[in-house]
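1. Would you be able to build a 3D model of this:
(chains A and B)
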Amino acid sequence: MRHTWRQLLWFSLVLLLLSGTVRAHEIGTTRVSVAFQDAGMYQVEIVTDATALAEKLEASSGSSLPPGTGADRLLELLKGFDEKFRHRVELAFDGSEVRPEISYSVEPAIDAVSAIAATIHLTGRIPRDARQFTWIYAWTFATYAITAGGATQWLDGGERSIPIPIRTLAPPPTRLATAARYLQLGFTHIVPYGLDHMLFVLGIYLLGRRARSVLLQVSAFTIAHSITLGLSMYGIVSVSPRIVEPMIALSIGYVAIENIFLSELKSWRIALVFAFGLLHGMGFAGALKELGLPRSEFVTALLTFNVGVEAGQLAVIGTAFLFVGWYCARQDWYRDRIVVPASALIAVTAVYWTIQRLSF
Amino acid sequence: MPYLLKSLMFRRFGAPAVAAIALSAPLLAHDMWIEPMTFAPQPGEIVGVKLRVGQDLLGDPLPRDPALINQFVVEDSEGRKPLVGRDGGDPAGFLRVPAPGLLVIGYRSNPSKVELAAEKFNQYLKEEGLDAVASVRSSRHETEAKAHEIFSRCAKSLVLSGPANAAQGDRRLGFTLELVAERNPYTLRPGQDLPVRLTYENHPLAGALVVAMNRLNPAEKVTARTDHDGRVRLRLKPGGMWLIKAVHMIQAPAGSDAEWTSFWASLTFASEGN
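-> Here you go, the predicted model:
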C-alpha cells in the first residue's frame, strides 16, 4: 500500500470541504474539473472508478459486468456505452444543453487491490457570448467535488451545479485595438499622470519665444527618449529606476533654472535636452514595462506608446501656447512675469522631487 | 415459531424492473454496505474491505474517511480489532485472517446531516417503508416541508475462511441499529430460511421493513416486516452476494438542527458455496 496522488487529492478535498460549511457527506472517489480555454473551448475532466461506472452502465441496459473485468475491457465497454453515458450527464451554457466530444481512457490499477480509474474528457466549443455553465453528473451515488477556476462545489449524483461563470480570456485584441490602447496609455502617461514630464516640457517651452526654439528642443528630446525607450524595452539598456527617477527630477530642475539665466537657445542646451531625453526614455520604459506589452504586438505597442507620449507633450505645449504664448509672449513683461516665476516654481518642485526620489 | 405468522409477508418484485429505473429516479436514499474483496479468504490472507454507497448493489467507492469512521472493526472468536487503512484509500480497510472461521466486519459511521426537499423526503419514506414517520409528518401537516435528517451507518459483513461451521455465527457488535443473522448463512441449505433479527439500541425492533437483494439480480427484492421480536425469516436463493438492509428513523433529539435521525443497517455475505 502506498499513498497515491488520488488519495492525497481526496484528502485535501475533504479538508477543503470540512473547512467550509458543515455539510457532512459520504464522499466518493469521483472528481470533476472544468476548464474554459482561451481558444473558446471547454474541457470537463471526470476521473472516476471505472468498474463502478461500467457496472451501472451495464445495469442500465439490463446486463451485468463480469467480476474482475480488466482495464482494456472496461475501456472498450465505456466506449461502447457512449450514448448511454451521455443520458445521465448534462452540460449546459446559459441553460442550453450542448453535446460534447467525449474521449475515454482507463488506467490499469497500480496493484491488485486498487481501483481501476477511468478518465473521461468532454470537450467542445463554448457557444458565442455564453456566460454561465451548469453541470449534472448522475453516474455516481456519492458526493463528489467539481472544481472550476479554483472554486470547488460539492455535488451529489444527479444534482445540478450552481452556475459556473465562464472566465475565458477575451479574444486577442486586433492590431488596431492594441495601437489605440497603447496610444492612449502613452498619452495619459504624460497628461494627466506624468506631472514631472509635463513640467520638463513646460521648461523646454518657456526658454524661447520662437517656435524654432521649442521645435528643436522637442525634437531632440523626442529622438532621445525614443532611443532609450526602445533599447530598454528590448533589454539592451537597463538602468535602475533608483538612478533614473532622481535624474529625471534633476533634469527638470536644471532646465528650469537655466531658463532663469538664459533667454536664447544655445546649441549645448539642445545637447543637454537630448541627454535628458535619454533619461526620460528610460523612465517611460519603466512605466511601459509595468503596464505590460503584448508579446504578439510588441512593436505596435512600443511605437504607439511612444507616439502617445509625443501627443501628450504636444498637448502640453499646445495648452501652454494657448495660455501664455499666444498673447503674453509678445509682451515686454513675458520673461519677468511668466518665464522667470514659472521656471522658479518648476525648479523648486524639481529640487523637492529630486530629494524625495533620492531618499527612496 | 409464532413470529412466522406475522413476518411471512414476503413480497417479491420480480419483473425486469431493471436498475435503469432506479438510476433515472432522483437518488434519495442510498444504501451503504461492506464489500470485502473476497468472502472466502484463506487463513493468513490479507483482505481489502471496500465500503460502497449506492442503490440496487450498484455502488460507488467510499474511501476511508477518518471523520466519518466511528468504528471499523473485525471480530472473531479471539476478539475485536480495528481495520487498518490509509485515509482516502479504497478499499477503506484491510484485515488479516488469523485462522479459519467466520469473521464479522463492522462499520459504524459518525452522523452526517442531509437536507431533503419535501417531495424527495416523502418518496424516500415510502421507498424505505418508514410509514410511521410519514404519518407523523402528515399529522403535523409537514408533508410539504423540507426535511433535515441526521443519518448514520451500521454496516456489517460476514466473511468465511475455511469450512463453514454451524457453531460459529454472526455476532452482535452493539451498533445502534443492527442486523444479526441468527444462523450462519454459510451453513444454509437450499430451501432453508435465514432468520435475521433487527435490534435498535440492543432491543428488538418490531414492524421494520427488511429488504434483501442479490448481486445477481438486484431488482428482485425479498422483503419482510419484523415481528414483535424484531425477527424476519428470509428465503434467499443460493449464489451471489446478498445484501440485507433496514432503516430506522426517529425524531431527532430536541436541540439538534434536524427533525429526524436515521440509522441504516446492512449485512452482506456471499453464498457461493451453496
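2. Now do the contacts for A:A71.
-> A:50, A:106-109, A:116 (C-beta atoms under 8 Å, 6 or more residues apart in numbering or on different chains). Using the backbone N, CA and C atoms, a C-beta is placed for each residue, glycine as well.
3. Outline the domain layout of chain A.
-> Per automatic domain parsing, the structural domains of chain A span A:30-171, A:176-359.
4. where are the low-confidence patches of chain A?
-> Low-confidence segments of chain A (pLDDT under 70): A:1-24, A:168-172, A:360.
5. Quick one, grab the pLDDT at the most far-flung residue of chain B relative to its centre.
-> Farthest-out residue of chain B from its mean C-alpha position, per C-alpha atoms, centre = their mean: B:H141, at 31.0 Å. Looking at B:H141, its pLDDT is 90.
6. cool, B:L23 as well?
-> So, for B:L23, pLDDT stands at 40.
7. One more: B:N274?
-> 38.
8. Helices along the stretch 101-250 of chain A, start to end?
-> A:175-190, A:195-207, A:211-233, A:241-261 (DSSP state H, counting those that start in this stretch).
9. And the second one, what's buried?
-> Going back to what we said before, that points to helix A:195-207. A:196-207 (16 or more other C-beta atoms under 10 Å in any protein chain shown).
10. and if you look at the longest one?
-> Along helix A:211-233, these residues count as buried under the neighbour rule (16+ other C-beta under 10 Å): A:213-214, A:216-218, A:220-222, A:224-226, A:228-233.
11. Where does pLDDT dip in chain B?
-> B:1-28, B:272-274.
12. What helices and strands are in contact with the top strand by length along it?
-> Ordering each strand of chain B by length in residues (DSSP state E) puts strand B:147-161 first. With contacts defined as 3 or more C-beta pairs under 8 Å, 6 or more residues apart in numbering or on different chains; DSSP states H and E, strand B:147-161 has these neighbours: strand B:31-36, strand B:46-55, strand B:101-109, strand B:112-116, helix B:118-127, strand B:177-181, strand B:260-270.
13. Make JSON lines from the ones you listed and add mean neighbour count and distance to A:G281 to it.
-> Listed next are these as JSON lines, based on neighbours: other C-beta atoms under 10 Å in any protein chain shown; distance: least, C-beta to C-beta, whole Å:
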{"stretch": "strand B:31-36", "mean neighbour count": "24", "distance to A:G281": "72"}
{"stretch": "strand B:46-55", "mean neighbour count": "23", "distance to A:G281": "68"}
{"stretch": "strand B:101-109", "mean neighbour count": "23", "distance to A:G281": "70"}
{"stretch": "strand B:112-116", "mean neighbour count": "17", "distance to A:G281": "65"}
{"stretch": "helix B:118-127", "mean neighbour count": "18", "distance to A:G281": "70"}
{"stretch": "strand B:177-181", "mean neighbour count": "24", "distance to A:G281": "81"}
{"stretch": "strand B:260-270", "mean neighbour count": "24", "distance to A:G281": "75"}
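14. how about those in TSV, adding distance to B:G89?
-> Formatted as TSV, those follow (distance: least, C-beta to C-beta, whole Å):
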stretch	distance to B:G89
strand B:31-36	14
strand B:46-55	9
strand B:101-109	14
strand B:112-116	20
helix B:118-127	30
strand B:177-181	26
strand B:260-270	20
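15. out of those, nearest to A:V307?
-> strand B:112-116 (61.9 Å; C-beta to C-beta).
16. Tell me the strands beside that closest one, with direction?
-> strand B:147-161 (antiparallel) (DSSP bridges).
17. is it true that A:A142 touches B:D65?
-> No. Contact criterion C-beta atoms under 8 Å: A:A142 and B:D65 do not qualify, at 10.8 Å.
18. okay, and the common contacts of these two?
-> Common neighbours of A:A142 and B:D65 (C-beta under 8 Å, 6+ apart) are A:26-27.
19. Compare the two (neighbour count), which wins?
-> A:A142 (25 against 21; other C-beta atoms under 10 Å in any protein chain shown).
20. distance of the more buried one from A:P246?
-> 64 Å (C-beta to C-beta, to the nearest Å).
21. how about stretch A:106-115: buried residues?
-> For stretch A:106-115, by 16+ other C-beta under 10 Å, it's A:106, A:113-115.
22. Please list which of those also come close to chain B.
-> A:113-115 (C-beta under 8 Å from any C-beta of the partner chain).
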